[in-house]
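Visitor: After the sequence you'll find the predicted model.
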Amino acid sequence: MQYLFVRVVKARDLPTKHLTGRLDPYVEVKLGNNKDKTRHFEKTTNPEWNQMFVFSHDRIEASLLEVTVKDKDFWYRLDDRRGYKVKGELLLALWMGTQAEEIFPESWHSDDASSADVMENIRSKVYLLPKLWYLRVDVFKAQDLIPSDEYRLPEVFVKASLGNQTRRTKFANRESFNPVWDESLMFVAVEPFDVLILSVEDKVASDKDEVLGRCVVPLSDVEMRLDEKPVRCLWYEFVKQATIRGEKEEKIRSVGNILMSISLEGGYHVLDESTCDSSDLRTTAKQLWKSSIGVLELGILNAQGLKPMKRKDGQATTDAYCVAKYGVKWVTTRTITNSLSPTWNEHYNWEVFDPCTVLTIGVFDNSNLQGGDKVEGAKDSRIGKVRIRLSTLQADRVYALSYPLMLFDNAGVRKTGEIYLTVRFICSSSLNTTYLYSQPLLPKMHYLQNLTKASESYLRHQAQQIIIMRLNRADPPMGKAVVEYMLESGPSMWSIRKSRVNFFRLMAILEAVAKRFDHICNWRNPIITFLIHILFIILVLNPKLILPTFFLSLSLISIWNYRKKPMHPPLTDTCLSCADTALPDELSEEFDGFPTSFSPDIVSMRYDRLRMIAATIQTVVGDWATQGERLERP
């Protein structure tokens, strides 16, 4: 796409128009009906704007570009009416280019907005996520612990705090003054590192905990672990500060030592999204990274038929922009204002380290622009989201596809428009890509020292909160609602629809297996049936070959089915997710928060319905157990 680039650099020796000699200059760039202006400076005759403007070639309706230097209250040209130059000079740069220019994402586009006050909220932007680590705190035992009441055995626990995260151990036994815990606490740490605050507390009453002592550990001094080798244990001294009566001085005394090992886990990947939809599976430590296998290129072209999301000047409209995320790099396109068919024509690329990853593109309505019926605290509205799995892309092939934008909420599923994208996965090494398919999905530490489901869910939530906070602090900030939608954060609540979908998926697999077994039993293909019988006899004679044969069969089936791989990435299937057949009450239950916001009558009805479903599952499981007991017992 061809564009006219106009760069307003600076001006010098501008004449003042005020009697006081004050000048607040800015520059207005006009090309036909398209007009933009820079920010204004106060009290200067030598301003430096260094701002770039872009005019789309297909919207150029004039052959004359007019650049005017104006004051906040008055305006004047650098040439007077007779053509003689007055005092002052303006430095400009003009050229014709394309969106491949490096300055293109930072440029202000003439078709976006006409007010410099909203330019900061509509420009494209690249965000880099902070580096996250897992922090492991292993608490073993205490020595010479001194409680406040020396005549009772303390009931103590250790509490650790890192930023907004707080974890605690269980209560130790009350048999001695040297309690033992032998527990592990996990946190999510972010660079630059904070300090870890540890405290040992005594439960002196049912509703009262007394702090016996504290210890502060800077994470910059903590050992970084890259593998499963144990970290050395150290005795950490806990102290208590006490103010001397009648004086301002403080006395610090030791209350005991606790044996702990604290380490930053570099061999894990910090999960901030679901594993099946993850865009990055690398370890935290760069020393364990492997070389990239290619480059992913994404072109965000345009959208068609977007639904109006708000009213502006009495008319329904949308100020649409896109957010794309892959790995640690998030990008936002510029906002196209007052258009239901916006055109972005922006191009981005990412390094690829694993083909089993997902690229996510979301479309939103910008609520931070002036002129609309904006409500205080309004969030950017969701328009839709698209996911593209890299494993469905053929290497070095350009895909130009139209994806439907679907919005699913408590009102049901509905189409909100279409987005046109171009995608290409440039593979640098087909051999390395094929090798990665034979490797585990997550890094090795996830399997050697796996995290519990409860701990994994807690850590994922903390990682998401850190990302939300950091992106909200960026310039310009990315809204919390946008990040939550892209990461799909929030608690996983009970849903009849999801249970129905999982049941249908399981039944489809069992039906396919039963169908193949029926073909073998009925000799539909005599050659395959004969080979299966021969294989069965071999496995009976040599049972050690059962597992190798099973995994070999899965590999051969996958290779055989590869020829049926679709030529294009799959689109959203609402029938597969049962989103189009879900009842209104089921949707309201699925999108209900925790705790529930509905009346007791509705909650009672849903509870009775859940009991009926659980009773059916209980009966089926009991029948399976009965059949298993019949096989086991003589």
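Guide: On my side now, so go ahead.

Visitor: Beyond whichever strand or helix holds residue 446, next helix or strand please.
Guide: Secondary structure from DSSP states H and E places residue 446 in helix 445-448. Using DSSP H and E, the helix or strand that follows helix 445-448 in sequence is helix 453-473.

Visitor: In CSV, could you pull the C-alpha coordinates for that next one?
Guide: Output of helix 453-473 as CSV, limited to C-alpha atoms (Å, rounded to 0.1, in the frame of the first residue of the first chain):
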residue,chain,number,x,y,z
LYS,A,453,-3.4,-28.7,39.8
ALA,A,454,-4.3,-26.3,42.7
SER,A,455,-0.8,-24.7,42.7
GLU,A,456,-0.7,-24.5,38.9
SER,A,457,-4.1,-22.7,38.9
TYR,A,458,-3.0,-20.3,41.6
LEU,A,459,0.3,-19.5,39.9
ARG,A,460,-1.4,-18.9,36.5
HIS,A,461,-3.7,-16.4,38.1
GLN,A,462,-0.8,-14.6,39.8
ALA,A,463,1.1,-14.5,36.5
GLN,A,464,-2.0,-13.0,34.7
GLN,A,465,-2.4,-10.4,37.4
ILE,A,466,1.3,-9.3,37.0
ILE,A,467,0.9,-9.1,33.2
ILE,A,468,-2.4,-7.1,33.6
MET,A,469,-0.7,-4.7,36.0
ARG,A,470,2.4,-4.2,33.8
LEU,A,471,0.4,-3.6,30.5
ASN,A,472,-1.9,-1.2,32.3
ARG,A,473,1.2,0.8,33.3
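
Visitor: Could you name the helices and strands sitting against whichever helix or strand comes after it?
Guide: The first helix or strand that comes after helix 453-473 along the chain, using DSSP H and E, is helix 480-487. With contacts defined as 3 or more CB pairs under 8 Å, 6 or more residues apart in numbering; DSSP states H and E, helix 480-487 has these neighbours: strand 320-326, strand 358-365, strand 381-389, helix 453-473. Glycine gets a C-beta too; all of them are placed from N, C-alpha and C.

Visitor: Buried ones in the helix holding residue 446, by neighbour count?
Guide: 445, 446 (16 or more other CB atoms under 10 Å).

Visitor: Then stretch 387-397?
Guide: 388, 390, 392, 393, 395.

Visitor: what mean pLDDT does it have?
Guide: Per-residue pLDDT over stretch 387-397 has a mean of 91.

Visitor: What lies in contact with that stretch?
Guide: 277, 294, 296, 352, 355-361, 399, 421, 423-427, 430, 433, 565-567, 569-570 (CB atoms under 8 Å, 6 or more residues apart in numbering).

Visitor: What's the mean pLDDT across whichever helix in the chain runs longest?
Guide: Using DSSP state H, we find that the single longest helix of the chain is helix 600-632. For helix 600-632, the mean pLDDT works out to 87.

Visitor: Now do the buried residues in it.
Guide: Neighbour count says helix 600-632 has residue 606 buried, by 16+ other CB under 10 Å.

Visitor: Which secondary structure elements does it sit against?
Guide: Using 3+ CB pairs under 8 Å, 6+ apart: helix 600-632 touches helix 496-521.

Visitor: from the chain's centre, how far out does whichever helix or strand comes after the helix it packs on sit?
Guide: Using DSSP H and E, the helix or strand that directly follows helix 496-521 along the chain is helix 526-541. The chain centroid and the centroid of helix 526-541 are separated by 49 Å, computed with CA atoms, centre = their mean, to the nearest Å.

Visitor: tell me the angle of helix 526-541 relative to helix 496-521?
Guide: 100 degrees (axes from the mean of the first three to the mean of the last three CA atoms, to 10 degrees).

Visitor: Return the distance of the next helix or strand after helix 526-541 from the chain's centre.
Guide: Sequence order places helix 546-561 as the next helix or strand after helix 526-541, per DSSP H and E. Helix 546-561 sits 35 Å away from the centroid of its parent chain (CA atoms, centre = their mean).

Visitor: Over to stretch 208-217?
Guide: 35 Å.

Visitor: Give me the buried positions along it.
Guide: For stretch 208-217, by 16+ other CB under 10 Å, it's 209, 212, 213, 214, 215, 217.

Visitor: Inside strands: which ones of those residues?
Guide: Among the buried residues of stretch 208-217, DSSP state E puts 209, 212, 213, 214, 215, 217 in strands.

Visitor: So which of these is the closest to residue 512?
Guide: Comparing those against residue 512 with CB to CB picks out residue 217 as the nearest, at 54.4 Å.

Visitor: what mean pLDDT does stretch 493-512 have?
Guide: Computed over stretch 493-512, the average pLDDT equals 87.

Visitor: next one: stretch 23-41
Guide: On average, stretch 23-41 scores 85.

Visitor: Could I get the buried residue list for it?
Guide: 23-31, 34, 36-38, 40-41.

Visitor: got it, and stretch 59-74?
Guide: In stretch 59-74, counting by 16+ other CB under 10 Å, buried: 60, 67, 68, 69, 70, 71.

Visitor: Out of the residues you listed, name the two that are farthest from one another.
Guide: So, those by CB to CB: farthest apart are 60 and 71, at 28.2 Å.

Visitor: ok so, going back, starting at the chain centroid, how far to the helix holding residue 446?
Guide: 23 Å.

Visitor: As PDB, could you dump the C-alpha coordinates of it?
Guide: Output of helix 445-448 as PDB, limited to C-alpha atoms (Å, rounded to 0.1, in the frame of the first residue of the first chain):
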ATOM      1  CA  MET A 445      11.100 -29.700  34.900                       C
ATOM      2  CA  HIS A 446       7.300 -29.800  34.600                       C
ATOM      3  CA  TYR A 447       7.500 -33.600  34.500                       C
ATOM      4  CA  LEU A 448      10.400 -34.200  36.900                       C
END
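
Visitor: And for that helix, what's in contact with it?
Guide: Under the criterion CB under 8 Å, 6+ apart, residues 227, 228, 265, 267, 268, 269, 283, 440 lie in contact with helix 445-448.
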